[in-house]
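**Q** predicted structure and sequence below. I'll ask about it afterward.
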Amino acid sequence: MTGWDVPVDLGREAAREAAIRELADPAYPKESWTDRLLGWFAEWIDNLLRAAGQVPGGWLALVVLALIVVGLAVLLLRTATRATRAASGAAVLYDERIRSAAEHRAAADQHAQRQEWAAAVRERLRAIARDLEERTIVAPQPGRTADEFAAEAGAALPEFRADLAAAARHFDDVTYGEAPGTPGGYALLAALDERLRLARPMLVAG
């Protein structure tokens, strides 16, 4: 009789500890985080299928609930993304107060008269953005960054894409980069504002 033929009588706790030690051996492959994620997803799908026959409204109610959950997840993701961008130096375009393009222009001019160039730059780009929103060239979107606005406006007005991107960078520099505003920088934004007021979006033939 060999050693493998000797019966071993272990208690339940001793057997459990022996199994844990055996599975901890490096020779056994470990479950990756992707495997765990797929396992969780498979379990969630299984639970969803089981719940379909128990929820009032059946599949329709579950589909509506799933859409609501997905919508909330997307909203939270976008909010977190914007917060991350703001923390990393991508300035949110608007402050908490809602003002018209004319009000932003007036504020920009007042700052410029007092030689407060950084504030003047911020208000002038806000005037540009609000003007394009009021003219429905870009859609209003609370919480957007200057870079996001420049990308959306540049898609609607391709001939201004480079100037809008440069204006957004200047806005970021004076807002979070602590760069000083200058009369020349403000003059460029004011000139861009005047040119954009005459611009019309490019119509794409169907």
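**A** Perfect, thanks for sending it.

**Q** what about P158, distance to R97?
**A** Here P158 is placed at a distance of 32 Å from R97 (Cβ to Cβ, to the nearest Å). (Each C-beta comes from the backbone N, C-alpha and C, glycine too.)

**Q** quick one, which of those two is more surrounded?
**A** A count of neighbours by other Cβ atoms under 10 Å puts P158 above the other of P158 and R97, at 10 against 6.

**Q** for A179, give me its contacts.
**A** For A179, the contacting residues are A118, D173, by Cβ atoms under 8 Å, 6 or more residues apart in numbering.

**Q** helix or strand: which one has it?
**A** Under the criterion DSSP states H and E, no helix or strand holds A179.

**Q** do the same with F149
**A** helix 146-156.

**Q** can you name the residues that contact R144?
**A** When contacts are taken as Cβ under 8 Å, 6+ apart, R144 is in contact with R82, V92, L93, Y94, E152.

**Q** closest one of the residues you listed to R122?
**A** L93 (8.8 Å; Cβ to Cβ).

**Q** in this structure that closest one contacts D147, no?
**A** No: at 9.1 Å, L93 does not count as touching D147 under the criterion of Cβ atoms under 8 Å.

**Q** these two: which has the busier surroundings?
**A** The neighbour comparison of L93 against D147 (other Cβ under 10 Å) goes to L93, with 24 against 18.

**Q** all helices of the protein, in order?
**A** 12-23, 33-52, 58-88, 101-113, 117-134, 146-156, 161-175, 183-196 (DSSP state H).

**Q** now the shortest one and helix 183-196, what's the angle there?
**A** Angle between the axes of helix 146-156 and helix 183-196 is 40 degrees (criterion: axes from the mean of the first three to the mean of the last three Cα atoms, to 10 degrees).
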